[in-house]
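> got a predicted structure here, sequence first:
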Amino acid sequence: MLAGVVILLVAGIVGYLGSRKTPEERERLRRQGINARGRLTDGFLVEMMQREGRHILVYEYSVAQVSYHTAQDVSKLAGPEELERVCEGLPARVKYDPLNPGDSIVVCEDWSGL
């Protein structure tokens, strides 16, 4: 009986540890979810920041008369030619989660609003 409980406990721990996702994987799944079910709105680019070798795109948009000011790490998503075109004040298309409008993207693996 005790051996069976130990086996189930070990199997549960191994299953739990094996199913955990890295922060990068969780972010990729978040982007893909917004791309799949998100709604489009107009926004504009505020600035492109470089921090610790990463390109952080700051942008603003509005949904239902609420303004959002947010940022997205686009280092691995946008090509160098896209990043060169980023200028303050340029328009952009933003996809946001209709259930949580503050959750948004400007770029993902399959789509770009730049």
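Looks like it came in fine.

> give me the mean pLDDT for stretch 52-60.
For stretch 52-60, the mean pLDDT works out to 91.

> off-centre distance for it?
Averaged C-alpha coordinates place stretch 52-60 at 12 Å from its chain's average position (CA atoms, centre = their mean, to the nearest Å).

> show me what the lengthiest strand in the chain is packed up against.
Of all segments of type strand in the chain, defined using DSSP state E, the longest is strand 39-51. Under the contact criterion of 3 or more CB pairs under 8 Å, 6 or more residues apart in numbering; DSSP states H and E, strand 39-51 touches strand 54-63, strand 91-97. Just so you know, the C-beta spots here come from the backbone N, C-alpha and C atoms, and that holds for glycine as well.

> low pLDDT regions in this protein?
1-19, 80-81 (pLDDT under 70).

> residue contacts, the closest residue to Ile56 other than its chain neighbours?
Residue nearest to Ile56 in three dimensions, not counting chain neighbours: Met49, with 4.4 Å by CB to CB, 6 or more residues apart in numbering. By CB atoms under 8 Å, 6 or more residues apart in numbering, the residues touching Met49 are 55-56, 58, 71.
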